[in-house]
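Participant: Just need the structure, nothing else, for what follows:
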Amino acid sequence: QPRGHILNMGTGGSGRQVLSKLAAFILEMGIFQIEVTKKYKNGDLREDLKNLYKLTGIKQRMTIFIFSSEQIADV
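Facilitator: Residues are numbered from 1 along each chain as shown. The predicted structure follows:
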């Protein structure tokens with residue numbers, strides 16, 4: 001389906017990211033994944049999302065956005 005969405009859920013170690021990356025490869029799509037570190041701040045998230053929007057909106061690049069539960073920090 002053009003411009004479709006998916007929420008890929010499952011237990012840890014079930015291969016969700018591998019499946020997503022394989023689907024991206026098969027469909028010749030790009031992969032956008034945020035790398036969260038200890039120094040990662042709200043401004044960094046904002047910049048990453050700006051880059052994602054430019055990539056998908058302006059450049060019209062079909063992209064899979066991967067964000068795992070391990071990347072969610074307690075505030």
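Participant: average pLDDT across whichever strand or helix holds K21?
Facilitator: Element membership for K21, per DSSP states H and E: helix 16-26. In this model, helix 16-26 has a mean pLDDT of 90.
Participant: Can you tell me what sits against that helix?
Facilitator: By C-beta atoms under 8 Å, 6 or more residues apart in numbering, the residues outside helix 16-26 that reach it are 8-10, 29-31, 64, 66, 68. For the C-beta atoms, the positions are set from N, CA and C on the backbone; glycine is no exception.
Participant: Now it: buried residues?
Facilitator: Within helix 16-26, the residues that qualify as buried are 20-21, 24, counting by 16 or more other C-beta atoms under 10 Å.
Participant: How far does stretch 46-56 sit from its chain's centre?
Facilitator: For stretch 46-56, the distance between its averaged C-alpha position and the chain's averaged C-alpha position is 11 Å (C-alpha atoms, centre = their mean, to the nearest Å).
Participant: actually stretch 38-52, sorry about that
Facilitator: With C-alpha atoms, centre = their mean as the basis, the distance from the averaged C-alpha position of stretch 38-52 to the chain average is 13 Å.
Participant: buried set for it?
Facilitator: By 16+ other C-beta under 10 Å, the buried positions in stretch 38-52 come out as 48, 52.
Participant: sec struct for F32, please.
Facilitator: strand (DSSP: H, G, I helix; E, B strand; the rest coil).
Participant: Let me see the contact set for it.
Facilitator: With C-beta under 8 Å, 6+ apart, F32 has these contacts: 51-52, 55, 63-66.
Participant: Of those residues, keep whichever come out buried.
Facilitator: 52, 55, 64-66.
Participant: can you put the buried residues of helix 16-26 in a markdown table and add distance to S14?
Facilitator: A markdown table is the format used below for these (distance: C-beta to C-beta, whole Å):
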| residue | distance to S14 |
| --- | --- |
| S20 | 12 |
| K21 | 14 |
| A24 | 18 |
